[in-house]
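Undergrad: Prediction below, plus the sequence it came from.
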Amino acid sequence: MTEKQVVLKTDLPLKRFISGKVRDTYDLGEYLLIVVSDRISAFDVVLPAGIPDKGRVLNLISAFWFEKTRNIIPNHVVAVIEDVKQLDAFIPEKQRFDYPKYLEGRSMVVKKVKRLPVECVVRGYLAGSGWAEYKKKQSVCGVPLPAGLRQSEILAEPVFTPTTKGDNTHDLPMTYEEVETAMGKDLALKLKTMSIALYAYARDFARHHGIIIADTKFEFGLDGDKLILIDEALTPDSSRFWDEKLYKVGEPQDSYDKQPLRDWLEQSGWNKEPPAPALPVEVIESTRRRYVHAYEVLTSKKLP
């Protein structure tokens, strides 16, 4: 397996809007072009090799959920790029170029809106940092929970546990009162209500397909004065996916994500500071299989 099989860089002759650990976003004037690379990060460090098909999986799963949840809340999607010729509708003739084929499946054109600086996390099961806090304080992100809950147990009601959202800073926990102060009471209530409604719909849908969505995070923006869903939605990178067949209350669960990669890095002796070590081929392939499997199980389609 070589780097030729993955898309790590997306250097397009367009004005760059922002680049993250995985996504590169370009300014098309009224719209943005989001390209999802095959880059992968762990412990806040981008690794030197990517995961083949990861970008397409993330983009197509997001597109799937954006379409499924339109009746709950509008979103920013204008076009999912399945054929690079679609870009002619968004790029003036004088600025067009020989569009790389890798854009097909891994990119979408979206509305340019005002992003809200709150990451809306919803937890439906007791896992991760939530479980760690519960054992000490019987709460999750300061939200009190009943006594006697076990690791990975489903919660009676989904819990809204927002964090800050900055471009180059670590996300920090926020109380609901802090969201009200930052956003205003009306908008804060909409963020909470919509986040829980989206999670509840996706949780129930996925459960019918054999996947448990333990928790997830959403981002929202304002299109004028209208609240819309933006960024990505309910992917293995933004959510904790578990296999329902393997689910057992009272113990940690194996996730449909980069867990094999994290496990290998933990055992490698790496100090979690850049640069990260090169990954073995078997770890790359194992991670790829998890991402592709999540897409195919959720959508009931083979990855194109």
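TA: Happy to help now that I have it. Numbers count the residues shown, from 1 in each chain.
Undergrad: drop to CA atoms for contacts and neighbour counts, all remaining ones
TA: OK.
Undergrad: Would you mind pulling the contact partners of the biggest helix by length in the chain?
TA: Selection of the longest helix in the chain by residue count, based on DSSP state H, yields helix 185-208. The contact list for helix 185-208, computed with CA atoms under 8 Å, 6 or more residues apart in numbering, reads 69, 72-73, 120-122, 158-160, 176, 179-180, 212-216, 218, 220, 234, 244, 298.
Undergrad: Where do the domain boundaries of this structure fall?
TA: What the record gives for the chain is the domain set 12-112, 114-246, from automatic domain parsing.
Undergrad: Residue ranges in the protein under the pLDDT threshold?
TA: When the per-residue scores of the chain are filtered using pLDDT under 70, the ranges that remain are 1-5, 166-170.
Undergrad: now the helices for it?
TA: With DSSP H as the criterion, the chain has helices spanning 54-68, 128-137, 176-183, 185-208, 259-268, 281-299.
Undergrad: The second one packs against which elements?
TA: It refers to helix 128-137. Secondary structure elements in contact with helix 128-137, counted by 3 or more CA pairs under 8 Å, 6 or more residues apart in numbering; DSSP states H and E, are strand 139-140.
Undergrad: do the same with the last one
TA: For helix 281-299, the helices and strands in contact under the criterion 3+ CA pairs under 8 Å, 6+ apart are helix 54-68, helix 259-268.
Undergrad: please redo it, this time with the cut-off set to 10 Å
TA: In this structure, helix 281-299 packs against helix 54-68, helix 185-208, strand 211-223, strand 239-243, helix 259-268, with contacts taken as 3 or more CA pairs under 10 Å, 6 or more residues apart in numbering; DSSP states H and E.
Undergrad: re earlier: what angle do strand 211-223 and the longest helix of the chain make with each other?
TA: Using axes from the mean of the first three to the mean of the last three CA atoms, to 10 degrees, the interaxial angle of helix 185-208 with respect to strand 211-223 works out to 150 degrees.
Undergrad: List the beta-bridge partners for the closest residue to residue 78 other than its chain neighbours.
TA: Across the structure, with CA to CA, 6 or more residues apart in numbering as the measure, the residue nearest residue 78 apart from its sequence neighbours is residue 110 (4.9 Å). Taking DSSP bridges, one obtains residue 32, residue 77 as the residues bridged to residue 110.
Undergrad: Tell me how far residue 110 lies from residue 18.
TA: Summarising the geometry, the distance separating residue 110 from residue 18, computed by CA to CA, to the nearest Å, is 14 Å.
Undergrad: Then residue 61?
TA: Relative to residue 18, residue 61 is positioned 22 Å away (CA to CA).
Undergrad: go on, residue 74?
TA: Taking CA to CA as the measure, residue 74 falls 23 Å from residue 18.
Undergrad: Those two: who's more crowded?
TA: residue 74 (16 against 12; other CA atoms under 10 Å).
Undergrad: which stretch among the helices and strands packed on helix 281-299 comes nearest residue 132?
TA: Among these, strand 211-223 comes nearest to residue 132, with 14.9 Å by CA to CA.
Undergrad: That closest one pairs with which strands, parallel or anti?
TA: strand 114-115 (antiparallel), strand 118-125 (antiparallel), strand 226-230 (antiparallel), strand 239-243 (antiparallel).
Undergrad: by how many degrees do that strand and helix 128-137 diverge?
TA: Note on geometry: by the same axes, to 10 degrees, strand 211-223 and helix 128-137 are set 100 degrees apart in direction.
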